[in-house]
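Undergrad: Sequence first, then the predicted structure, then my questions.
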Amino acid sequence: MKGIYEFFLVYEEAKNILTKTKILAPAYFILGGNKSGEGCVITRDRTRSLDIYELDPKQGRWYVLQTNYDRWKNPFFLDDRRTPAKMCLNRTTQENISFATMYDVLSTKPVLNKLTVYTTLIDVTKGHFETYLRDCPDPCIGW
């Protein structure tokens, strides 16, 4: 799947491949384009797409968010990272999104936890990315 990000420069082409190609294991693909409104989370099983959750600026959906749980299911009660992440993004607002504010969102516990290995921030329009190895200082949950 790495080749998708290297060879397909058109958002819709990449989305089509990620949606339809058979894969070895279930996955969440988070895809962003370089035009306003281009972004989605594709929930896959091995043979097909289960869900495509897209940005929808007309409906006020300026971000899509994915944790380790299907978005239409409640997260495990001991591992709800979705609610804190949404709260942080809503407080930040679209106008204030930057690498620094996204890093802050992804550094908020329990979004950041002992199983977080790294954080990568990507700006597809500028072709810029930053990756950080992470450590969650105690007190920090194990998952």
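TA: Nice, thanks for sending it over. Keep in mind that what you see is a predicted model, and the values were worked out from it rather than measured. Numbering: from 1, shown residues only.
Undergrad: From now on I want contacts and neighbour counts done on CA atoms only, so please keep to that.
TA: OK.
Undergrad: How many residues are close by the nearest residue to T116 once chain neighbours are set aside?
TA: Distance criterion CA to CA, 6 or more residues apart in numbering; nearest residue to T116, sequence neighbours excluded, is R134 at 6.4 Å. R134 is flanked by 15 other residues according to other CA atoms under 10 Å.
Undergrad: Hmm, N113 and R134 touching each other?
TA: No - contact status for R134 versus N113: not in contact, 9.1 Å apart, counting by CA atoms under 8 Å.
Undergrad: which of the residues in stretch 47-65 are buried?
TA: Along stretch 47-65, these residues count as buried under the neighbour rule (16 or more other CA atoms under 10 Å): S49, D51, I52, E54, L55, D56, W62, Y63, V64.
Undergrad: can you check stretch 30-50 too?
TA: For stretch 30-50, a neighbour-count test (16+ other CA under 10 Å) marks 30-33, 37, 39-45, 49 as buried.
Undergrad: okay, now the domains of the chain?
TA: For the chain, the structural domains run 1-64, 75-142, going by the TED database.
Undergrad: Show me which pair in the buried residues of stretch 30-50 is furthest apart.
TA: Within the buried residues of stretch 30-50, two members stand farthest from each other by CA to CA: G37 and D45, at 25.1 Å.
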